[in-house]
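Asker: could you work out the structure for the sequence below:
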Amino acid sequence: MNIKSARKPGVIVSEIELLKETHDGGFLLVEGDSDSKFWKHHVDKKRCNIRIAGNKPSVLGAAKKLDEKQDLSSMGIVDADFDRVNEIDYGIGRVVMTDHHDLEMLLVKSRALERVLCGFVNEDALSGFENKQKDSILNYVLSISLIWGRLRYLHVIEQYSFEFDFSPYKYIPKNSSLQVNIDNLYSDFCIKSTIPLSVLHEKLLMVPTEPLEDMIQGHDLLEVLFIVLREIGCEKTIKNGNDLSPLLHLAFHSDDLCKTTMFQSLKQLDTTWNLNMLPDCA
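Answerer: Model (predicted):
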């Protein structure tokens, strides 16, 4: 999330305090617009007022202030990013992490991916690919995407100031039998970070490799997934990686949400505070 779009925590809290006068329900703090669009499909629209904070620090900052006020109407959801891998505890009970690295990864790990593949991908082509690889398409895509996940981890830990813009589209050329041009990828990363290749390799030795779903950003994985689908001949039904995200959102059901630790934690707060924002699960 662009820091320019971030809202001040104090302003968010002031808005909630004012809205309490007319809103008979609760408030859900989210990082961005895409998160808001997702949750609108899974909450009681009359009972739940979704507030977009702009980024994770703004959600955490507002939640901390709400803790100080002993608020019993507001909770927040943030992308785990690498925080779970690094065992970071926010110390804010009203804030819940996504089950995996981010919302997109959560969708991919749910049955939504199976539904999208069944509806838009040729079954014989998919089976042929998985038989050849002796693995599921998801596991195959995860293994490739980890290359980007580990570089992103290093980018965050080392606090490099440059923008991470190493798209898989650039480093897995079309008709390349899904071979990653890892030499060019590492070389470009070294140029931007101004470190020698030998140093990059040393640093990567210290980067975790699992859990895969926590180490990989969903956006990177969707790009790699599209490249694989294109390779097995599915580009006529799915034109690019951007097509996959809305399809996954549509294929993600309330039953899928109920199975997540993220939802269960939010539901516990929702029930304890008698807010009735979230659906009941069977």
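Asker: secondary structure class for I77?
Answerer: strand (DSSP: H, G, I helix; E, B strand; the rest coil).
Asker: how near is it to H249?
Answerer: 15 Å (Cβ to Cβ, to the nearest Å). Any C-beta I mention is one placed from the backbone N, CA and C, and that applies to glycine too.
Asker: which one of the two is surrounded by more residues?
Answerer: I77 (22 against 16; other Cβ atoms under 10 Å).
Asker: what is the more buried one paired to in the beta sheet?
Answerer: V96 (DSSP bridges).
Asker: quick one: it from D135, how far?
Answerer: For I77, the distance to D135 (Cβ to Cβ) stands at 32 Å.
Asker: tell me where the protein has strands.
Answerer: Ranges of strands in the chain, per DSSP state E, are 26-30, 48-52, 74-78, 95-97.
Asker: just how off-centre is the third one within its chain?
Answerer: Relative to its parent chain, strand 74-78 has a centroid offset of 15 Å by Cα atoms, centre = their mean, to the nearest Å.
Asker: would you point out which residue is most central in the chain?
Answerer: D102 (1.8 Å; Cα atoms, centre = their mean).
Asker: cross-check the contact I'm expecting between it and D81.
Answerer: Yes: under the criterion of Cβ atoms under 8 Å, D102 makes contact with D81 at 6.9 Å.
Asker: for this structure, give me the ranges with low pLDDT.
Answerer: Along the chain, segments meeting pLDDT under 70 span 1-4, 235-237.
Asker: which helix of it spans the most residues?
Answerer: helix 137-157 (DSSP state H).
Asker: out of the strands of the chain, the one nearest S167 is which?
Answerer: Distance to S167, taken as Cβ to Cβ, is lowest for strand 74-78 among these, at 24.6 Å.
Asker: contacts for the closest one?
Answerer: Strand 74-78 has contacts (Cβ atoms under 8 Å, 6 or more residues apart in numbering) with 16, 26-31, 35, 39, 53, 56, 59-60, 62-63, 66, 92, 94-98, 262, 266, 269-270.
Asker: buried ones in stretch 134-141, by neighbour count?
Answerer: For stretch 134-141, the neighbour count (16 or more other Cβ atoms under 10 Å) marks 137-138, 140-141 as buried.
Asker: which residues touch it?
Answerer: In contact with stretch 134-141 (Cβ under 8 Å, 6+ apart) are residues 108-109, 113, 117, 126, 129-130, 133, 221, 224-225, 228.
Asker: any idea how far that stretch is from the middle of the chain?
Answerer: Relative to its chain's centre, stretch 134-141 lies at 20 Å (Cα atoms, centre = their mean).
Asker: then stretch 20-27?
Answerer: On Cα atoms, centre = their mean, the centre of stretch 20-27 falls 28 Å from that of its chain.
Asker: mind checking the end-to-end distance for it?
Answerer: In terms of Cα to Cα, to the nearest Å, the two terminal residues of stretch 20-27 are separated by 9 Å.
Asker: do a quick rundown of the helices in the stretch 1-150 of the chain.
Answerer: 9-19, 33-40, 56-68, 103-109, 112-120, 123-133, 137-157 (DSSP state H, counting those that start in this stretch).
Asker: need those helices in CSV with distance to N175, can you?
Answerer: CSV is the format used below for those (distance: least, Cβ to Cβ, whole Å):
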stretch, distance to N175
helix 9-19, 49
helix 33-40, 32
helix 56-68, 39
helix 103-109, 25
helix 112-120, 22
helix 123-133, 15
helix 137-157, 16
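Asker: what's the closest of those to D280?
Answerer: Among these, helix 33-40 comes nearest to D280, with 16.4 Å by Cβ to Cβ.
Asker: quick check: buried residues in that closest one?
Answerer: Applying 16+ other Cβ under 10 Å to helix 33-40 flags 34-35, 38-39 as buried.
Asker: looking at these, spot the one nearest K174.
Answerer: S34 (27.8 Å).
Asker: correct me if wrong: the closest one contacts D79.
Answerer: No: using Cβ under 8 Å, S34 is not in contact with D79, being 10.5 Å away.
Asker: shared neighbours, these two?
Answerer: L103.
Asker: hmm, back to that, compute the inter-axis angle for the longest helix of the chain and helix 112-120.
Answerer: Put simply, helix 137-157 runs at 130 degrees to helix 112-120, going by axes from the mean of the first three to the mean of the last three Cα atoms, to 10 degrees.
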